[in-house]
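**Q** Test case, fold it:
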Amino acid sequence: MDRWCARSRETLTTLGGAWHEIPYLTAGGTRHIYHVVDADLLTAWLTHPLFRMVK
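**A** Okay, the predicted model is just below:
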C-alpha cells in the first residue's frame, strides 16, 4: 500500500458515513483504488479543510 492510500484511509476514518474501496488494474498493470461513499461521508468531505477540486 502506498503512502497516498494510507493517508486516504486515515482521512476517511475520521469522517462519518460509509465507504468502500474498489481496486482496479490500469492498462499499464499498476494497482489503484477508488472510493464509493455515501451521502453523509460525501457531505463531510466536501466541507473538510483538505478537500480540493481539480479543474
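**Q** Look at the residue in the chain sticking out farthest from the centre and tell me its secondary structure.
**A** Counting by C-alpha atoms, centre = their mean, the extreme residue of the chain relative to its mean C-alpha position is residue 28, 21.5 Å from that point. Judged by DSSP: H, G, I helix; E, B strand; the rest coil, the three-state class of residue 28 is coil.
**Q** Could you list the buried residues of the helix ranked longest in the chain?
**A** Ranked by number of residues, the top helix in the chain under DSSP state H is helix 3-14. Neighbour counts over helix 3-14 (16 or more other C-beta atoms under 10 Å) mark 8, 12 as buried. Any C-beta I mention is one placed from the backbone N, CA and C, and that applies to glycine too.
**Q** Quick one: name whatever helix or strand follows it.
**A** Of the helices and strands lying after helix 3-14 in sequence (DSSP states H and E), the nearest is strand 19-25.
**Q** Show me the shaky parts of the protein.
**A** 1 (pLDDT under 70).
**Q** and if we set it to 80?
**A** 1-2, 4-5, 8, 55 (pLDDT under 80).
**Q** Test my guess that residue 18 contacts residue 41.
**A** Yes: the criterion here is C-beta atoms under 8 Å, and residue 18 meets it with residue 41 at 6.6 Å.
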